[in-house]
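>>> using only what follows, build the 3D model:
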Amino acid sequence: MFEYIAESLVFVLIKHKKVNIVDRDIYIYGLEVILLNGILMISFLIMSIWFNMLFHFVAFVIFFIPLRIFMGGYHAKRSETCFIISNVMYLISLVINKSSESWHHNAVVILLSILILITMFVWSPVKNKNRPLADCQYKRNKIITFVIVVIDFALLFIFYKFDLRIFSSSIAFILLSGITFFVGKLESRVRHKKESDIMKRIKNLFVIMLMACLIILNKNTYVSAAQEIKASDNEYIYATEILTQYYQAIDQYKEYDFSGDIDSVQLLDYINSKIETKRYKQVYYGMDDMQNYSVNFKLLDSEKIDDYTKMTIVSDVEFKYKDASFESGYREEIQLILNNKFNKYNIVDWYLPYEDYDTRIRGDIENISNPGYWNSMLRITDKIHEKQEELNEKIKLYYDDLKKQASESVIEIDNSNNTTRITPYATLYSLNKSKMVTWANNNCTKANPTSGNSGQAPYYDFSQISGNYDCTNFVSHAILAGGAVVYNTGGSGISDTGWYYTNLNNRSSSWSGVPKLCSFLTSNTTRGPVGTKISYSDIYVPGGNYPYVPGDILQFHNGSKWRHSTVIVGYIAISGSATKSEAVVTGRTSSTVCNNNVRQSTIYSGENRRVIKLNGYYK
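Next up is the predicted model:
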């Protein structure tokens, strides 16, 4: 195909007297090479973009192309064969790099790559009959090869030192260069044998070397079995020491230093900036706001593969707000990926899957699994730090505004979705909001909460469904505990009407959906609970203006949608103010994430929030 196109183009050039017919073969060969390599480069670039691994293409250009040009190696007779083999090899290297994230720290692979580079230099360049070299070209290529090898070693050292993900791609292309080089070398040495025998041996060797390379590169997938670590292991002990320092920094304003524990500059900057923003709340609350402070950890899950350890840890933070009459606390789930390089632990990724900070920046990720996330060149275009700067500024302005607020509370009533139409047959009954508060406080930290009223609905933890959270389901059961009755509109499946839960296949969307619950409560006139939606504001205590009370609902926006539901369980004075108080809330996201009697302003700081004032229920 490539030769035919080249011949056709040269024929046109000769016909228009642009090329001398004597030079016909030279132009055909040149155009064929240009077409083949040009289309290959486009093909490789498209595959790299498709896999979201543009750095892989960069490694191909830096390492494979120079080695291939000046060291030589196996060359197929036909351009079509070369095209197919090249695409297959590049695709395999992409798949391996995408699926195996830690093999590039394997000492065996690194040593093998170094030996291959040295051996290729000693034996290069390869004289191939499909691409013959003159003596002067041979000597020139030998000198250039030396320069290339020196540059490759320097780049490998830099990539390895800074733990850049492009290091793994570089190793892959050195190994693939070695395969084509040694096959070409063998072909040149056995040229005196029959052509059929030569090609048969070469093809067999090519397949064997390619399979060996695949096994080595994908070692983690096929050889290393995952090992579970225990709470007594050094990795977990190290992780809890780091996390203790983190929580002491954000809640107690303690000093911290992770520069020796996080290799990636980008991740280090992210964590440092996150801590400084989260501890900015002290400007509003005061340094001594969280007293009798303690934090404990539990290892939830772990997996160890070669030099990497992935751990899921649950933190339980307990404290008492200054001058408060109640105990408070919160629970979070933390995912860490550690590596053990030169007998020293380092954090390569750190993410809280349910936290309002990380999820607003990195998005919802159920399980982090890419140790090279922070070292990928694509992180530059992912705008992680740009999003972080925007959120940091929003949170700091939020606390600054709270501090500067006037001593009067402004309550804005939003009746746009609250046209109350009580039917002649509907009687409004009072909710026992005290029981709602008690139930919420007693169940938010439980792995298996009890039903608010088992006769009305069983408790099912919605966080067990991938991509779902339990917060609104938890609030619905709190309302049941206050005496409300469900409104089952019948039918099967997930209904857009009513407020009920029978099982996963027979329920209403309002039972567990944040905006759906608000919509039902503020428009219901038939059966079940009913409420009024108002915007949230802190309370001016001397004025006696209490637009919401313990037992009402507080919902939070995450910047793009209404995301979280909680139960208001009380009030607490704002540090430094004798006249203002804010709501204290309790909520449950999952068995590993909850808030128990915490300041509402610490949840989705900087975003909108709304109160659903419960008026009672119909039955």
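
>>> output the longest strand belonging to the protein.
Longest strand in the chain by number of residues (criterion: DSSP state E): strand 290-305.

>>> that one packs against which elements?
Counting contacts by 3 or more C-beta pairs under 8 Å, 6 or more residues apart in numbering; DSSP states H and E, strand 290-305 is packed against helix 234-252, strand 308-321. Every residue, glycine included, has its C-beta placed from N, CA and C.

>>> off-centre distance for the longest one?
Computed by C-alpha atoms, centre = their mean, to the nearest Å, the separation of helix 234-252 from the middle of its chain amounts to 21 Å.

>>> rounded mean pLDDT for the next helix or strand after it, please.
Per DSSP states H and E, helix 234-252 leads on to helix 265-278 as the next helix or strand towards the C-terminus. Per-region confidence: helix 265-278 scores 94 on mean pLDDT.

>>> give me the residues contacting helix 265-278.
Contact partners of helix 265-278, identified using C-beta atoms under 8 Å, 6 or more residues apart in numbering, comprise 162, 246, 249-250, 256, 258-259, 262, 347-350, 357-358, 374-375, 379, 384-385, 388-389, 391-392, 395-396.

>>> buried ones in that helix?
By 16 or more other C-beta atoms under 10 Å, the buried positions in helix 265-278 come out as Q266, L267, L268, Y270, I271, N272, K274, I275, T277, K278.

>>> which of the contacts of helix 265-278 fall within helices?
Applying DSSP state H to the contacts of helix 265-278, the entries found in helices are 246, 249-250, 358, 379, 384-385, 388-389, 391-392, 395-396.

>>> give me the buried stretch members for stretch 456-474, please.
Quick answer for stretch 456-474 (16+ other C-beta under 10 Å): 456-457, 459-463, 469-474.

>>> OK, contacts around K142?
S124, P125.

>>> correction: S565
Taking C-beta under 8 Å, 6+ apart, one finds C471, T472, F474, V475, V514, L517, I553, L554, Q555, F556, G587 in contact with S565.

>>> quick check: what element follows the helix or strand in which K533 is found along the chain?
According to DSSP H and E, K533 maps onto strand 528-535. Beyond strand 528-535 in the direction of the C-terminus, DSSP H and E gives the next helix or strand as strand 539-540.

>>> what mean pLDDT does that following strand have?
Averaged over strand 539-540, pLDDT sits at 77.

>>> list the helices and strands that strand packs on?
strand 580-590.

>>> quick check: closest non-adjacent residue to I334.
I313 (4.8 Å; C-beta to C-beta, 6 or more residues apart in numbering).

>>> tally of neighbours for that neighbour?
Applying other C-beta atoms under 10 Å, we find 21 other residues in the vicinity of I313.

>>> and it, what is it in contact with?
Y236, A239, T240, L243, F297, K298, L299, L300, E333, I334, Q335, L336.

>>> partners of it in the sheet?
Here I313 sits in beta bridges with L299, I334, as judged by DSSP bridges.

>>> do you know how far it is from G73?
49 Å (C-beta to C-beta, to the nearest Å).

>>> repeat for K396
58 Å.

>>> which among the contacts of helix 265-278 count as buried?
Using 16+ other C-beta under 10 Å, the buried members of those are 246, 249-250, 256, 258, 262, 347-350, 357-358, 374-375, 379, 384-385, 388, 391-392, 395-396.
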